[in-house]
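Enquirer: Here is a sequence with its predicted model. Questions after.
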Amino acid sequence: MTSHSTLLAEAIQLAQTLGIRVRQEFLDGAGGGHCIVAAGKLLLLDVTQPTEEQLRDVADALRTETQLWKHDISPQLAQRLQLTEAA
């Protein structure tokens with residue numbers, strides 16, 4: 001079983017590979033999310049949130065990427081993306 005922190009690291013790396021700027025900030029529990037800004041896509045992660053919540057934010061951003069499935073993705077992350085999408 002792959003830990004949430006391992007999946008989070010893989011998901012962040014994949015997001016960066018897909019051209020999403022990832023910022024990990026201390027937001028004091030405000031939560032994170034993704035958006036499009038003038039410089040492209042930005043994913044803001046709140047490091048005060050549990051790893052599971054951060055992983056959910058990254059998964060949400062990844063699911064919007066049309067080139068996602070052209071990259072190598074671990075079976076655990078692929079399953080997570082599908083499970084999160086159905087939730």
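Expert: Arrived safely. Numbering: from 1, shown residues only.
Enquirer: Flag every buried residue along the lengthiest strand in the chain.
Expert: For the chain, the strand with the greatest residue count under DSSP state E is strand 40-46. Residues 41-46 are the ones in strand 40-46 that count as buried (16 or more other C-beta atoms under 10 Å). From N, CA and C alone the C-beta is placed, and that goes for glycine too.
Enquirer: same check, this time on stretch 62-77
Expert: For stretch 62-77, burial by neighbour count (16+ other C-beta under 10 Å) applies to 62, 65, 73, 77.
Enquirer: what's the farthest-apart pair in the residues you listed?
Expert: Across the buried residues of stretch 62-77, the longest distance by C-beta to C-beta is 13.0 Å; it joins 65 and 77.
Enquirer: about what we covered before: could you single out the nearest of the buried residues of stretch 62-77 to residue 55?
Expert: The closest of these to residue 55 turns out to be residue 77 (C-beta to C-beta; 9.1 Å).
Enquirer: Okay, and the closest one sits in which element?
Expert: helix 75-86 (DSSP states H and E).
Enquirer: which one is the spatially most central residue of the chain nearest to, not counting chain neighbours?
Expert: Geometric centre of the chain, nearest residue: residue 58, 1.4 Å, by C-alpha atoms, centre = their mean. Once flanking residues are discounted, residue 58 sits nearest to residue 11: 4.1 Å by C-beta to C-beta, 6 or more residues apart in numbering.
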